[in-house]
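> predicted coordinates and the sequence they were generated for:
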Amino acid sequence: MMLKRILWCTSAFFSIALPFKAASCDIPQKAIRDTTVVRTIYPSYNISPKAPDITGMSNTAVQQAAHIKLGWNIGNTMEAPGSETGWGNPLITEDYIKLIKRSGFNAVRIPCAWNQYSDKKSAKIQDAWLNRVKQVVQYCVKNDMYVLLNIHWDGGWLENNCTTAKKDSVNARQKAFWEQIATTMRDFDEHLMFASANEPSTNDATQMAVLLSYHQAFVNAVRSTGGRNAYRILIVQGPCTDIAKTNKLMGSLPKDGVADRLMVEVHYYSPFNFCLMEKDQSWGHMFYYWGSGHHSLSDTSRNPTFGEESEVKSAFQLMKAKFVDKGIPVIIGEYGAYRRNTPQDLVVHNDAVDYWIKFTTRQAIANGLKPFFWDIGVAIDRRNNKILDQRTINALVAGAN
């Protein structure tokens with residue numbers, strides 16, 4: 001399998017393996033006041049606003065989260081540079097969506113690029129791309145799947161620029177894009193959710209304030225289009241989607257004109273050395289084994305030295321206490337551990353991967369977190385619509401049940 005492409009989306013996870021420390025940063029009872037001012041750099045794309053329509057949109061965020069059982073990422077596809085097939089995956093088909101559902105999932109996350117399909121001067125997104133994304137969303141909704149549609153890394157125009165210097169220009173593009181996306185997708189019912197970003201690089205309070213302005217621009221843009229978007233569930237990302245940073249820095253949520261329609265997103269690939277690391281580094285080496293009863297007796301140098309069960313529990317308990325217990329659902333938008341061919345003790349390695357997936361999925365759900373497994377076509381073959389790694393699917397479903 002090709003982990004390099006997974007790493008494209010996971011630059012934030014080196015810190016996740018470090019011990020978690022609870023912070024005193026709590027969500028206030030009321031959201032922050034909207035102080036976002038978006039300068040007019042691009043034309044307004046909110047050209048056909050509608051009156052609010054709650055038809056098919058009755059779920060609050062908590063009620064919606066209760067319906068989401070187990071999620072799946074269509075990774076390295078609609079966010080790929082160049083085209084939907086730019087990283088070697090085929091076009092998404094409805095048969096593929098049906099296979100995901102048959103495999104035990106009722107929610108899909110669609111990482112999506114928009115900037116590469118837009119005019120650089122006007123921020124106008126190509127109609128053909130908007131319609132193609134809408135078609136894929138329709139495949140999911142038609143098959144009673146919940147859908148999380150985001151703006152992914154997308155060249156880093158937002159993710160790499162959570163700075164005061166870039167705040168105005170990024171907010172203008174965020175507003176322009178979401179006005180277009182929201183208008184195009186407005187008629188879908190509550191099965192469709194929007195996510196503001198992916199893994200915004202944010203490391204201190206100043207950057208966090210900028211990130212909150214990006215989230216506020218997102219909320220304002222979606223709500224302004226009206227119709228069902230007036231009540232749609234919206235998802236905002238913690239800093240770097242890192243649990244420790246989110247616990248420490250995310251002290252408030254955007255202001256929203258409708259109550260109880262926001263969720264928070266984090267990601268989890270911990271310990272990085274086991275989940276995603278491709279080669280040994282000066283600061284640490286790859287782990288091939290993980291968890292109680294799944295250490296190798298013959299390849300001991302590859303056993304983990306940190307980041308096992310207790311740290312999974314501690315991390316998820318932080319998100320439960322900070323958000324879930326206060327009525328704010330949390331999505332684990334990406335998580336996963338993956339099989340390697342190199343371990344000396346291959347039987348123990350594969351058992352450890354199964355165990356990590358099952359244990360982490362189970363702990364997420366036990367703490368009220370909604371998990372979406374990251375796949376780039378390794379576990380499910382999208383070209384021939386067949387399962388390639390039944391063990392991974394079995395571990396996910398077992399963890400969810």
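Structure's in. What do you need?

> which helix or strand in this protein has the lowest average pLDDT?
helix 3-7 (a mean of 41; mean pLDDT, DSSP states H and E).

> nearest residue to Met208 in space, please, no chain neighbours.
Leu249 (4.4 Å; Cβ to Cβ, 6 or more residues apart in numbering). To be clear about C-beta, it is placed using only N, CA and C from the backbone, and glycine gets the same treatment.

> Gly368 now?
Val324 (3.9 Å).

> doesn't Asn131 fall inside a strand?
No. Asn131: not assigned to a strand; according to DSSP: H, G, I helix; E, B strand; the rest coil it is helix.

> so which helix or strand takes in the closest residue to it other than its chain neighbours?
In this structure, Asn131 finds its nearest non-sequential neighbour in Thr184, 7.6 Å apart by Cβ to Cβ, 6+ apart. Following DSSP states H and E, one finds Thr184 within helix 167-185.

> and that helix, what's buried?
167, 170-185 (16 or more other Cβ atoms under 10 Å).

> try stretch 77-92
Thr77, Met78, Glu79, Ala80, Glu84, Trp87, Asn89, Ile92.

> Leu158 touches Lys167, doesn't it?
No. Applying Cβ atoms under 8 Å, one finds Leu158 not in contact with Lys167, separated by 10.7 Å.

> just to revisit the earlier point, name the nearest of the buried residues of stretch 77-92 relative to Thr241.
Taking Cβ to Cβ as the measure, Thr241 lies nearest Glu79 of the buried residues of stretch 77-92, at 14.9 Å.

> a helix runs through the closest one, doesn't it?
No. Secondary structure of Glu79 (three-state DSSP): coil, not part of a helix.

> the most centrally placed residue in the chain: what secondary structure?
For the chain, the residue sitting closest to the mean C-alpha position, by Cα atoms, centre = their mean, is Gly333 at 2.8 Å. Here Gly333 is recorded as strand under three-state DSSP.

> so what's it up against?
73, 109, 148, 150, 195, 198, 235, 237, 241, 265-267, 372 (Cβ atoms under 8 Å, 6 or more residues apart in numbering).

> out of everything not next to it in sequence, what's closest to it?
Per Cβ to Cβ, 6+ apart, closest to Gly333 is Glu265, 4.5 Å.

> quick one, phi psi at the one you found?
phi -120, psi 130 (degrees, to the nearest 10).

> quick check: it vs Met208, distance?
Distance, Glu265 to Met208, by Cβ to Cβ, to the nearest Å: 15 Å.

> so between the two, which is more surrounded?
Glu265 (26 against 23; other Cβ atoms under 10 Å).

> residues contacting the more buried one?
With contact set as Cβ under 8 Å, 6+ apart, Glu265 has these partners: Ala195, Ile235, Val236, Gln237, Gly238, Thr241, Val330, Ile331, Ile332, Gly333.

> how about 10 Å then?
Glu265 sits next to 109, 148, 150, 195-199, 235-238, 241, 246, 329-334, 370, 372 when contact means Cβ atoms under 10 Å, 6 or more residues apart in numbering.

> now, those residues that are in helices?
Judged by DSSP state H, the subset of the contacts of Glu265 located in helices is Thr246.

> span of stretch 161-172 from start to end?
Using Cα to Cα, to the nearest Å, the gap from the first to the last residue of stretch 161-172 comes to 13 Å.

> residues in contact with Tyr96?
74, 77, 89-90, 108, 136, 139, 377, 380-385.

> before we move on, the earlier item: pull the most distant pair out of the buried residues of stretch 77-92.
It's Trp87 and Ile92 that sit farthest apart of the buried residues of stretch 77-92, by Cβ to Cβ, at 13.0 Å.

> what touches both of those two?
With Cβ under 10 Å, 6+ apart, Trp87 and Ile92 have common neighbours Thr77.

> if we can go back for a sec, can you turn the buried part of the contacts of Tyr96 into a PyMOL selection?
For the buried members of the contacts of Tyr96, the matching PyMOL selection, counting by 16+ other Cβ under 10 Å, is:
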select buried, resi 74+77+89+108+136+139+377+380+382
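
> using CSV, please lay out the contacts of Tyr96 together with pLDDT, distance to Gln363 and secondary structure.
Formatted as CSV, the contacts of Tyr96 follow (pLDDT from 0 to 100; distance: Cβ to Cβ, whole Å; DSSP: H, G, I helix; E, B strand; the rest coil):
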residue, pLDDT, distance to Gln363, secondary structure
Ile74, 98, 24, coil
Thr77, 98, 28, coil
Asn89, 97, 30, coil
Pro90, 97, 34, coil
Val108, 98, 22, strand
Val136, 98, 31, helix
Tyr139, 98, 31, helix
Gly377, 96, 26, coil
Ile380, 97, 24, strand
Asp381, 94, 29, strand
Arg382, 95, 29, coil
Arg383, 94, 33, coil
Asn384, 94, 33, coil
Asn385, 96, 31, coil
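
> what residue, apart from its backbone neighbours, is nearest Thr202 spatially?
Closest to Thr202 by Cβ to Cβ, 6+ apart is Pro239, at 3.4 Å.

> which residues in the stretch 1-150 of the chain form helices?
3-7, 61-67, 94-102, 127-142 (DSSP state H, counting those that start in this stretch).

> what about the third one, distance to the chain center?
Translated: helix 94-102. 20 Å (Cα atoms, centre = their mean, to the nearest Å).

> and Ala176, how close does it get to Ser44?
For Ala176, the distance to Ser44 - Cβ to Cβ - is 8 Å.

> what residues are shared contacts of those two?
Ala221.

> list the contacts of the residue nearest to Met208.
23, 25, 202-205, 207-209, 211-212, 238-240, 242.

> okay, it and Val210: tell me how far apart.
12 Å.
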